[in-house]
Each structure stands twice: as C-alpha cells, then as structure tokens.
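[1] With the sequence up front, the predicted model follows.
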Amino acid sequence: MKQIQSVKGMEDLLPEQSPVWQYVEATIAEVAQRYGYREIRFPIVEQTELFKRSIGEVTDIVEKEMYTFDDRNGLSLTLRPEGTASCVRASEEHGLLYNQTQKLWYTGPMFRYEKPQKGRLRQFHQFGFEAFGMAGPDVDAELLIMLARLWRELGIADGLSLQINNLGTSEARARYRADLVTYLSERVEQLDEDSKRRLSTNPLRILDSKIPSTQALLNDAPSLVDYLDETSRSHFAQLQRLLESAGVAFEINPRLVRGLDYYNNTVFEWVTTKLGAQGTVCAGGRYDGLVEQLGGRPTPAVGCGIGLERLVLLLEEMNAIPAGIQETVDVYLVAVGDVMADALVIAETLRSELPWLRLVTNFGGGSFKSQMKKADKSGAQLALVLGEDEVAKGEVGVKPLRLDSAQQQVARAQLVETVKALLDQ
Ligand code: ATP
Ligand code: MG
C-alpha cells in the first residue's frame, strides 16, 4: 500500500535534531525572563476575521498565504500565520492590558501557504516578543538590546546585522503613499509585474522589491523620511541615541517596510547574508494602533518575531551549536536471563539516588554479547551487567565502556557510590 507522506512544507523534527531546538528555545526563553517577559500561550486556530482585521486585507499573508477553512458550523477559522494578532486578542480578552504594562513572549508553529524552500516552510516556528502599554523609544531600544544579547549568547552575533527604519504615523504614510504612487505611476512601464500589481494594492511594499530595475527606479522616488511627523522623527532620533549608547550597531534602511499593515513608527529587521534569499531572521516594530483596531483601548505596543528555522540554520552555518547538547546515555543496563524484576528495581534506585543520571535498560532479552553491543552503540560510559548469577549473589557487574578497564563485580549496596565515582559526578 502507498505510504502516506507529510504535508508539503511541513516538516518532522527528528530526535537527532531536537536537542538543537531545545537548546535554542531554552536559551531564548531564559533571556526573555531576564528582561521581564513572561510566557503566554494561545490557540493555533483563530477566527479568520482576527487576521484580516489586523494583518490587513491586501497583504500577501491574508491575500494568498492563509490556511482558512470553515468548521462544521460554518465558522471561518484560520491556522495562525503569525502570533501578534492572537497575542493582542488573548491579552485584551483577559484584561491584561487594562491600566497596566505587559511584556509577553510565546513560541510555536505558524502556518503560511508559501513556496517551500530553504528557510521558508508552510509550517514554521516563531519565537515572539510583545511589549504593551509603553510608548517610548526606550522599550524599543531594550527589545533590540535584548536581541543583541541573545545573538551573543547563541554565538551568532557576527552573522547578524540590525536594520532600522521609521514608518511614521498612518497619516504620514498616507501622504507618502499618494506621492509614491504618483511618482511610480508616471513610470509604470519600468516596474516589474509584482510591483505593478502592488501599485494599486500595497504600494509601500514596492520599496522592498528585490528586483534591481525597480530598486534603481526608487533611487529618485520620494523618501518616507521626508514625510515623518515630528513625534516619529524625535522617537527615531532617540532610539538611535539609545542604541548607540548601549553599543548596539545598526544601519538605517529607509526602504525597510514590513509586510503587515499594523506596523507604524519603529520597524526593524535582523538580517544575515549567510542564508541566501531567506536572510531575515528576526523582524518587528511598533504597532501602536492595533489594540484599538481590534476593539481595545488605545495601547502603544512593540514586538517582534524570530524565525526559528532560519535561526537554527544560521547556528549550523556558523558552527555555533555547542558540543554536548546531544542527548547521551550515561549507563546502559544489560539484563540477561530472568532478571527483569531486579533490573527495574536497580534502575529505579539509581535514578532516585542520582537524579542527573541518564540510564537505559535493555528490553527484549538477547545474549550478553548482543546486549553489550547495544550498550556500546548507545554511547553510554558504563554498562551494568545483571545476570541470574549476579542476582543470586546480590551483585552487579560494572564495565566501563570507554576505558580499557575490566568488569568488576560490585555489591548492590555499593552500586550507587561506584556508579557515581566512575562517572565522576
Ligand atoms: P519574508 O519576507 O521572509 O517572507 P515576512 O516579512 O513574511 O518574511 P514576518 O511575518 O515578519 O516575515 O515573520 C517574522 C519572521 O518569521 C521572519 O523574519 C522569518 O524569520 C520568519 N518567517 C516568516 N515566514 C516564514 C516561513 N514561511 N518559513 C520560515 N520562516 C518564516
Ligand atoms: Mg513572507
């Protein structure tokens, strides 16, 4: 019979790879907690309306990337394509934003119907940060300072650079959009096909077109900086000062816009040249209007998402995966003959007395020789040997597997001490 395969663009994470992911997730969560971010979990499915209203009807995500379906009652649901909208929905629904500030993080799978390639999947994973209720550039700066620390702790700081920009208020963007459209409409025959389409739907997205001829055309186009209102201008200047004094290097990219409608004011991306076209590892910015847009009280907010697949690829690319995070076995318990009752008791005693111990018991029988082979293959430092003889004498055989030393017979009462000493813990 034909075997059923996984869904295209949705990958399994095998035991060999999971230690790297555990390491990365634990490192980010730990850094987050040190900055006062606390974890929030929300469902993977939301009402479709939530994403339409927040991300925007004419964005790539809502137009062509969402996994949307009707439930059995005809309610339109969508697998979350990102976390910010759900985070706002959940925080608002539970009163977390009422007269208080919040710093939250979350992690988990996101879903977008895209063309799968290196660093671009249909089920991918993000680690997200959102800070609510703080309007100043100080919290933007701290978020970026925290990310810079995270890259250092992960050993990839040299591979990432920070780009920042300011999108101003929606009024400033509207004025800019009008002038940009006028400029580009007069030169429409020079635009690539994608950009032509965007001219009427989402013209700001043309700014980050990767097509060289379009980029060239933009050199003489009006620039968003010239349209910024005084508040955004001063916010941007202060952010730059705060980053400089904290020693976080950045580059201003006046063409940096984000693909989601809710952003305003500060936007940023951490990019690498080491992953080909999928070079943005972390992206975010301010979304001061979103809470109100979703029915809450006006609440300033800033956040970002880290693409974990790209982060892991970058760690691999930069040889930044620490040795020793692969799960290994310390002790393999060889059990020959009718000894399983004793084997399980001995294994439990060791686990109780030595809680750090990683012990694997042999199941399914087999000769002494074949079990010793499995012990060796497991990577264990020590084999413990339990046969009917050992049980009768109240002993256990102890055989170091990585040293050239003989098996010794140890009384059961001495076993914990012996194992502890041999593993040098
Ligand atoms: P891109 O321009 O690469 O499509 P985006 O602007 O759509 O990214 P965001 O919505 O800002 O991405 O998501 C934040 C981060 O999540 C991205 O910078 C990236 O690291 C990661 N990401 C986004 N889409 C995918 C995907 N399909 N597969 C893997 N990672 C992704
Ligand atoms: Mg995208």
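    All right, it came through fine. This is a predicted model, so every value here is computed, not measured. Ligands and ions are numbered 1, 2, ... in the order given.
[2] So what does the closest residue to ligand 1 within the stretch 251-400 of the chain look like in phi/psi?
    Nearest residue of the stretch 251-400 of the chain to ligand 1 (CB to the nearest ligand atom) works out as G307 at 2.1 Å. The C-beta positions use only the backbone N, C-alpha and C, and glycine is treated the same way. Backbone geometry at G307, expressed as degrees, to the nearest 10, gives phi -80, psi 110.
[3] And for N264?
    Main-chain torsions, N264, degrees, to the nearest 10: phi -150, psi 170.
[4] got a list of what G155 touches?
    Applying CB atoms under 8 Å, 6 or more residues apart in numbering to G155 gives the contacts L315, M318, A320, P322.
[5] repeat that with 10 Å
    By CB atoms under 10 Å, 6 or more residues apart in numbering, the contact set of G155 is L315, M318, N319, A320, I321, P322.
[6] So the first one sits against L154, correct?
    Read that as L315. Yes: counting by CB atoms under 10 Å, L315 does reach L154; the two are 6.5 Å apart.
[7] Give the residues shared as contacts by the two.
    Contact criterion CB under 10 Å, 6+ apart; residues shared by L315 and L154: Y23, V24, I321, P322.
[8] Which ones among these map onto helices?
    The members of the shared contacts of L315 and L154 that map onto helices under DSSP state H are Y23, V24.
[9] returning to that earlier point: how about the residue of the stretch 251-400 of the chain closest to ligand 1, what does it touch?
    Taking CB under 10 Å, 6+ apart, we find G307 in contact with 110, 119-121, 124-127, 270, 275, 278, 280-283, 313-314.
[10] Buried only: go through these for me.
    Using 16 or more other CB atoms under 10 Å as the burial test, the contacts of G307 include 110, 119-121, 124-127, 270, 275, 280-283, 313-314 as buried.
[11] Could you list the contact residues of the stretch 201-350 of the chain toward ligand 1?
    Contact residues, the stretch 201-350 of the chain versus ligand 1 (CB under 6 Å from any ligand atom): G259, Q278, T280, V281, C282, A283, G305, G307, E309, R310.
[12] Quick check: the farthest pair among the shared contacts of L315 and L154?
    Distance extremes for the shared contacts of L315 and L154: the farthest pair is V24 and P322 at 10.8 Å, using CB to CB.
[13] Would you mind telling me which of the two has the busier surroundings?
    For V24 versus P322, neighbours defined as other CB atoms under 10 Å are more numerous around V24 (22 against 13).
[14] Now the residue in the stretch 1-150 of the chain that ligand 1 sits nearest to: closest residue in space that isn't a chain neighbour?
    Closest approach between the stretch 1-150 of the chain and ligand 1, counting by CB to the nearest ligand atom: F124, at 3.3 Å. Closest residue to F124 apart from its sequence neighbours, by CB to CB, 6 or more residues apart in numbering: E309 at 5.3 Å.
[15] out of the residues of the stretch 201-350 of the chain next to ligand 1, which one sits closest to V58?
    Closest to V58, out of all of these and judged by CB to CB, is G259, at 10.8 Å.
[16] Which one's more surrounded, L315 and L154?
    More crowded of L315 and L154, by other CB under 10 Å: L154, with 22 against 19.
[17] Quick check on the more buried one: phi, psi?
    According to degrees, to the nearest 10, L154 has phi -90, psi -10.
[18] for V302, same thing?
    When quoted as degrees, to the nearest 10, the phi and psi of V302 stand at phi -140, psi 150.
[19] those helices in the stretch 151-300 of the chain, which residues are they?
    With DSSP state H, counting those that start in this stretch, the ranges of helices along the stretch 151-300 of the chain come out as 170-185, 193-201, 212-218, 230-246, 290-293.
[20] ok, now the stretch 1-150 of the chain?
    Here the stretch 1-150 of the chain has its helices, by DSSP H, counting those that start in this stretch, at 18-34, 48-55, 60, 84-93, 137-153.
[21] out of those helices, deepest packed?
    Ranked by mean neighbour count under mean count of other CB atoms under 10 Å, these are led by helix 84-93, which reaches a mean of 22.
[22] before we move on, the earlier item: put together JSON lines for the contacts of G155, with pLDDT on each row.
    Output for these, formatted as JSON lines (pLDDT from 0 to 100):
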{"residue": "L315", "pLDDT": "98"}
{"residue": "M318", "pLDDT": "98"}
{"residue": "N319", "pLDDT": "97"}
{"residue": "A320", "pLDDT": "97"}
{"residue": "I321", "pLDDT": "96"}
{"residue": "P322", "pLDDT": "95"}
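[23] now for these, which pair is the farthest apart?
    Longest span within the contacts of G155, CB to CB: M318 and P322, 12.0 Å.
[24] Quick check: neighbours shared by those two?
    Shared contacts of M318 and P322 (CB under 10 Å, 6+ apart): L154, G155.
[25] one step back: would you format the helices of the stretch 151-300 of the chain as CSV with mean neighbour count included?
    Putting the helices of the stretch 151-300 of the chain into CSV (neighbours: other CB atoms under 10 Å) gives the following:
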stretch, mean neighbour count
helix 170-185, 16
helix 193-201, 15
helix 212-218, 15
helix 230-246, 15
helix 290-293, 19
